[in-house]
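S.K.: just a sequence and a predicted model for now, questions to come.
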Amino acid sequence: MNINIEMQENDFCYNTFFKNNFYPMLLVDLQTLRIIDANIAACSFYKYQYEELLELQTSDINTLPKDE
């Protein structure tokens, strides 16, 4: 398969199932718990700009008390 076509298909799937999904979704580095990507719905839900979310860890946006 042509690598360019494969990359386009991967981008299409990523955008369709993650970036354009209407459910809030985050990609998180499991070692550092830093947010490495977010979709538009997550930005709206957490009320952060995209660039701001990428500077946070999951603990920064957690709505539960710290002991939970």
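M.R.: Sure thing, it's come through.
S.K.: for the rest of this, base every contact and every neighbour count on C-alpha atoms.
M.R.: Fine.
S.K.: would D37 count as being in a strand?
M.R.: Yes. The assignment for D37 (DSSP: H, G, I helix; E, B strand; the rest coil) places it in a strand.
S.K.: quick one: F17 from D11, how far?
M.R.: Going from F17 to D11 by Cα to Cα, to the nearest Å gives 10 Å.
S.K.: what's the answer for D37, then?
M.R.: Distance, D37 to D11, using Cα to Cα: 14 Å.
S.K.: and those two? which has more neighbours close in?
M.R.: Comparing D37 with D11 by other Cα atoms under 10 Å, the one with more neighbours is D37, at 17 against 12.
S.K.: got the contact list for that one?
M.R.: Applying Cα atoms under 8 Å, 6 or more residues apart in numbering to D37 gives the contacts 26-28, 54.
S.K.: if you rank these by neighbours, which is first?
M.R.: L26 (21 neighbours).
S.K.: just give the nearest non-adjacent residue to it, would you?
M.R.: Leaving out its chain neighbours, the residue that sits closest to L26 by Cα to Cα, 6 or more residues apart in numbering is A38, at 4.5 Å.
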